[in-house]
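> pasted the sequence and its predicted model underneath.
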Amino acid sequence: DSPSKNTRSQTKIARDDVPVVQSPPKPRKAKDKDVEKTDKAVWHLTDDEIIAASRKSWKSAVYDHYTVSLERQLDKDSNPHCLIFLFTCRFDPKNHNVQRRKRIQNSQGTSNLARTMKTCCESRKVEVGADSSKGAQQDLHRSVSRYTPAHHRALIALRCAASHRPFNSVTDPLYLEEVELLRPGTNVPSPSTVSRDVRALYEEGSKQVKEYFRDYEGAIHCVVDGWTAPIVASYLGVVIIWFSLGKIHRTILEFIRLKERHTGEYLAEQIAKCFKRFGIDHLLHTLCMDNASNCDSTATSLADDANIPTYRGALSRTRCFPHTVNLIAKAFLSFFFKQPKKKPQPKATAGSKRKRTTATTTTTPAGPTPVPAETSLVPEEADEPVVADVELDEAGVMDEGKAEFDASAIKTVKARAVALAESKWFLHMSKEEETEALLLFPKVAGLARRVHDSSTLQEKFEKLVQANDSASGKVALDRRVPTRWNSDLVCLAAHIQFETPVKQLTSDGLSEYALTPKQWALAKELCEVLVIFEELTRLFSRAEVPLVYEVIPMLEDLEAQLTNISQDASLHTVTRIAALAALEIVGKYYALTDDCEVYRIAIVMCPDKKMEWFNRNDGWVEADRKEADRIVRLRWSESYAPKVSPTTQATVDAPAPPAKVCKSILLIQALHIVFTVIRSIDGPANVRRRRE
């Protein structure tokens, strides 16, 4: 066999051992090769272009030993005659003659070049193929690096993958000029080669990951979230978290291409196949997903015998806490945003043509039924441009599926909160107060958008700020980001900070964005109230994720503060009703934690809480305390207690003595990781206090 065949046989990847699944590469159209043209046909090209075209066919590593230049020979009439390549030794040019070869003899072979290279290496006492920089001549114009073609190709592949660069970036003329400047004669791989290198590194890397977990005995925790590519391709991101050598590690295991409807059964099947390919299905302990309904069915289906029967289903299904906080905050803020109205469009009649509507793939693993094609979201009233501004802010940014799920959940609790306020607290919100509140954030966010998008308005606003002697140095309004609810508070706080410049600006041609005196008072009140959500969000946005024993007091404090707001007679009625709506979301997701054993076990395993925490907390009745005790004992006996014979088995009520310390350590480690898993891709999930 030829050396090239031997190389392929050595680097060939055993496809059956590769845990990841990839689509086959698309065939590339063959391009004309300048190397096959005559010298006269390529004479108009630059020296670098002619050399680069020929280097594509130079497969031998011998060429890397030389710096290649071009000599153009003319005939007696000064017409183009022939092109000659000059090969100059890169390491010892003073003691070796320049090798010459006509361009048209490109396939002549490399025996002379190889003989000169061997002589050069022997004189410098280095082996052929070893580090060729040893003993090389170096000066200001000839510095030698520790370059190898393999290292160079690996760096290019990693750069394209990690920095989101296209494979065609290696053909950038400025990049090629930079490479030639740093190391003349370097052969840059083609885009197709870079593509193959990325695939090879990815596949080989996945095999190393599989080998790493082969002897791992701890638990693995999975976080799942959906991603939508710009080409409307849908992927399921799978993140795993594990504990090793005193540290908690987190990495993206795989992006799974979703080709069918995102049902819970289909998602569970794909997750199970991914874990089995990596050989870690038996290590799965918990699964963290958002609050979409079919995420619940995913957790249930994942425990089926055909998937991962060792997974405990709903008992080990945790929830994304930031999504819960997001829903709580959105429920509160829904009273201060003008909602769009669905307007029916004319239906297609016989003989008429209608364009096919493209469904937007959701970035969450699942979501509610999308808006029918016959409806579209439009401002409720044509004379309210501020509402249209908010819709423009959210266009193409908000995930349609997730937004539909959130809107459905918020609409329900909003109606219940209004009814509860009237029946229990005798709070009635007038139509005028409701309208004032609904237009508050559209005006605030709309003005920030108008100023941000207009250089004229921005310059005018900066002059107004400077005229009012702003000591903070800040001269711009913060713009609302639809995907980050806490940006509403930032936007509102900036509006209040620049109250005088804002009033001056809106009085001159922007009256539709001017706040009424009642809206200014409501804005200042909200700025203080929304701080309770800001503190909680900041806590879970840090690099060091809070553990559960830190989360519980914050959640109880959030509930207590919302309760105080709802009962504070000095606040606006709409603010109190908004707090009741937020409490509805809090109660709902507190109750859902009863389905998962992780939260109560985590509290019991916390050294400074244990069962005493339940005894001190008035929100937990005696039956709840007994249930928490039962869950911990049952989980210990099923998964961690040493196996004993029936004759010596202890009673069910008595705790099993740990025969091996490592068993208890594994349990503590597993639960310790759960605290981090709960954060998921966005952050941690919550532990509830019993609401009676």
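Happy to help now that I have it.
> pretty sure Phe335 sits in a helix.
Yes. Looking at Phe335 with DSSP: H, G, I helix; E, B strand; the rest coil, it is inside a helix.
> that one contacts Ile577, correct?
Yes. Shown here, Phe335 and Ile577 form a contact pair, counting by CB atoms under 8 Å, at 6.6 Å. From N, CA and C alone the C-beta is placed, and that goes for glycine too.
> please enumerate the helices of the stretch 351-500 of the chain.
Assigned helices in the stretch 351-500 of the chain, in chain order: 385-394, 400-424, 431-438, 440-453, 455-467, 486-497, 499-506 (criterion: DSSP state H, counting those that start in this stretch).
> also the stretch 151-300 of the chain?
Counting by DSSP H, counting those that start in this stretch, the stretch 151-300 of the chain has helices at residues 173-182, 191-212, 264-277, 293-302.
> the residue most distant from the middle of this protein, which is it?
Lys76 (66.7 Å; CA atoms, centre = their mean).
> near the spatially closest residue to Leu201 that is not a sequence neighbour, how many other residues are there?
Spatially, and ignoring its direct neighbours in sequence, Leu201 is nearest to Ala157 (5.5 Å; CB to CB, 6 or more residues apart in numbering). Ala157: 22 surrounding residues under other CB atoms under 10 Å.
> coming back round to it: of the helices of the stretch 351-500 of the chain, flag the one that's most buried.
helix 440-453 (a mean of 23; mean count of other CB atoms under 10 Å).
> so which elements touch it?
The contact analysis (3 or more CB pairs under 8 Å, 6 or more residues apart in numbering; DSSP states H and E) places helix 440-453 against helix 385-394, helix 455-467, helix 486-497, helix 499-506, helix 517-529.
> got the contact list for the residue lying closest to Pro166 once chain neighbours are set aside?
Residue nearest to Pro166 in three dimensions, not counting chain neighbours: Cys160, with 7.1 Å by CB to CB, 6+ apart. Applying CB atoms under 8 Å, 6 or more residues apart in numbering, we find Cys160 in contact with 166-167, 169, 194, 198.
> distance of Cys160 relative to Leu182?
To Leu182, Cys160 is 19 Å away according to CB to CB, to the nearest Å.
> what does Asn79 give?
Asn79 sits at a distance of 37 Å from Leu182 (criterion: CB to CB).
> now Arg317
According to CB to CB, Arg317 and Leu182 sit 53 Å apart.
> tell me which of those two has more neighbours.
More crowded of Arg317 and Leu182, by other CB under 10 Å: Arg317, with 25 against 11.
> other residues contacting stretch 180-187?
The contact list for stretch 180-187 (CB under 8 Å, 6+ apart) reads 48, 55, 58, 63-64, 66-68, 90, 145, 147, 149, 152, 179.
> on that earlier part again, taking the contacts of Cys160 together, which two end up most distant?
Using CB to CB, the two most remote members of the contacts of Cys160 are Ser169 and Val198, lying 12.4 Å apart.
> before we move on, back to that, just the buried members of the contacts of stretch 180-187?
55, 58, 63-64, 66-68, 90, 152, 179 (16 or more other CB atoms under 10 Å).
> so Cys82 belongs to a strand, correct?
Yes. Checked against three-state DSSP, Cys82 lies within a strand.
> and for it, the neighbour number?
Residues near Cys82, counting by other CB under 10 Å, number 17.
> contact partners for it?
Cys82 neighbours (CB under 8 Å, 6+ apart): 39, 73, 102-104.
> let me have those residues in a markdown table, adding pLDDT as columns.
Below are the contacts of Cys82 laid out as a markdown table (pLDDT from 0 to 100):
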| residue | pLDDT |
| --- | --- |
| Asp39 | 86 |
| Gln73 | 90 |
| Lys102 | 89 |
| Arg103 | 86 |
| Ile104 | 84 |
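> which of those residues sits closest to Met554?
Of all these, Met554 sits closest to Arg103, with 73.5 Å by CB to CB.
> the closest one touches Ala53, doesn't it?
No. Using CB under 8 Å, Arg103 is not in contact with Ala53, being 9.7 Å away.
> tell me the spacing between the residue nearest to Ser195 when sequence neighbours are not counted and Arg183.
Spatially, and ignoring its direct neighbours in sequence, Ser195 is nearest to Phe167 (5.1 Å; CB to CB, 6+ apart). Per CB to CB, Phe167 is found 21 Å from Arg183.
> who has more neighbours, those two?
Phe167 (20 against 16).
> identify the residues contacting that one.
For Phe167, counting by CB under 8 Å, 6+ apart, the contacting residues are 160, 191-192, 194-195, 198.
> compare the helices of the stretch 351-500 of the chain and give me the one nearest Lys94.
Taking CB to CB, helix 455-467 is the member of those nearest to Lys94, at 61.4 Å.
> what helices or strands is that closest one leaning on?
Using 3+ CB pairs under 8 Å, 6+ apart: helix 455-467 touches helix 440-453, helix 499-506.
> relative to helix 455-467, how tilted is the first one?
Right, helix 440-453. Using axes from the mean of the first three to the mean of the last three CA atoms, to 10 degrees, one finds that helix 440-453 and helix 455-467 are set 100 degrees apart in direction.
> do the shortest one as well
Helix 499-506 runs at 140 degrees relative to helix 455-467, counting by the same axes, to 10 degrees.
> can you count the residues close to Arg261?
With other CB under 10 Å as criterion, Arg261 counts 10.
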